[in-house]
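Peer 1: From the sequence below, what's the structure:
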Amino acid sequence: MNIKKILKMKNKEKIAMITAYDYVSAKIAEAAGIDMILVGDSASNVMLGNDDTVKIGMDEMLIFIKAVKKGAPNTFVVGDMPFLSYQVSESEAIKNAGLILKAGADAVKLEGGKYVAPLINKMVNYGIPVMGHIGFTPQSYKQIGISSKGKTKTEEDMLIESAIALEEAGAFSIVLEMVTELVAKKITETISIPTIGIGAGRFCDGQVLVWHDFLGLNKDFEPKFLKKYLNGFELFKKAIENYSNEVKNGKFPTIENVFKPIESSDQK
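Peer 2: Predicted structure coming up:
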C-alpha cells in the first residue's frame, strides 16, 4: 500500500483502517490484510490510562510507532502528531514530523481545519505525506467540547471549506470524526482525496476504529458510532481467571510443561 494506491481507491474500494499501538496488534492487523494502521494519540487513553489525548508527547508516540512498524512492515502506517508537537512553530512541526517518519511511519496526521493548511503545504513541499483531521478534534476538546460537528449551516460551511483547503495544501486523505452523515457525504463528494470516517456515517471513502474499542477490550467506552466485533474484555478476563485457578489448584503446570533431563545410557 502506498499513497498512489490509496488515492486510486476513492470511489472504487472502501478503505479499512484501524488504530493500533504495539508490535503484536500490528502483526495481527497485517496478517488480516488491513489497508492502513493509524498509531493514534489515543494511545494516551488506552495505553497510558490518561483521560484525554493531550497528555501524550513525542517520546511516547515514537515508541509506539516503532513497535507498530516492526509488527506491520508491509502495511501503510500513519503516525499521529501529538498535542503541541506542531502548534508551537513551523520549524518544530517539521522537525517532529520528520522524527515520526524516521520512526517508521509512512505519513503523519495532524488535527485542524483550514488554519493548518499552510503548515501542511509546507510539510508536503518538504516531502512529508500528511493526513488531515477535521470535525471533532480530540486535542481541542477542552475548547470545543465533545459533540458531533456539522449540525448547523455555519459548521457545515466551515467543514467543507476546511476539507477543500487541506486538499489544496496537499493532504492525501482526511479523517472526518463525529461529523453528521450528510455533511460527511458532501465533503466526500466535493474533494478528490479519500475521507476516512469515525462516527461520520456510511458515505466516507473508508472507516477507522480503535483496536481496543472494536475488539471490546474497553468495556466502558460505548459511543454511538462504535461496533464491537468481539467481547474481548470478558474473553480475556475469563482466560486469566482460568489460568489463576489452575495455578492455585495445582493444575498448571503439568508434566507436558516441564523440562526433563537427558536420559543417560544406564537409564535406558
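Peer 1: Enumerate the positions of stretch 56-70 that are buried.
Peer 2: 56, 58, 60-69 (16 or more other CB atoms under 10 Å). The way it works is simple: take the backbone N, C-alpha and C, and place the C-beta from them, glycine included.
Peer 1: how about the helices in the stretch 51-200 of the chain?
Peer 2: 58-71, 90-102, 117-125, 141-144, 153-169, 181-190 (DSSP state H, counting those that start in this stretch).
Peer 1: Just name the closest of the buried residues of stretch 56-70 to residue 95, please.
Peer 2: residue 58 (9.7 Å; CB to CB).
Peer 1: thought the closest one was touching residue 97?
Peer 2: No: between residue 58 and residue 97 there is no contact under CB atoms under 8 Å: 10.4 Å.
Peer 1: quick one: the closest residue to residue 140 other than its chain neighbours from residue 254, how far?
Peer 2: Among residues not flanking residue 140 along the chain, residue 111 sits closest, at 7.0 Å (CB to CB, 6 or more residues apart in numbering). Note on residue 111: its distance to residue 254, by CB to CB, to the nearest Å, is 52 Å.
Peer 1: before we move on, what about residue 260?
Peer 2: 13 Å.
Peer 1: Give me the more crowded residue out of these two.
Peer 2: Between residue 260 and residue 254, counting by other CB atoms under 10 Å, residue 254 is the more crowded of the two (9 against 6).
Peer 1: Pretty sure residue 222 sits in a helix.
Peer 2: No: checked against DSSP: H, G, I helix; E, B strand; the rest coil, residue 222 lies outside a helix; its state is coil.
Peer 1: do you know how far it is from residue 7?
Peer 2: Applying CB to CB, the value for residue 222 to residue 7 is 34 Å.
Peer 1: Just want to know which of those two has more residues nearby.
Peer 2: residue 7 (14 against 10).
Peer 1: Counting neighbours, show which residues of the helix or strand hosting the more buried one come out buried.
Peer 2: Assigned by DSSP states H and E, residue 7 falls within helix 3-8. Within helix 3-8, the residues scored as buried using 16+ other CB under 10 Å are residue 6.
Peer 1: if I look at residue 114, how far off is residue 208?
Peer 2: From residue 114 to residue 208 the distance is 22 Å (CB to CB).
Peer 1: And for residue 174?
Peer 2: 12 Å.
Peer 1: what touches both of the two?
Peer 2: Residues touching both residue 174 and residue 208 (CB atoms under 8 Å, 6 or more residues apart in numbering) are residue 196.
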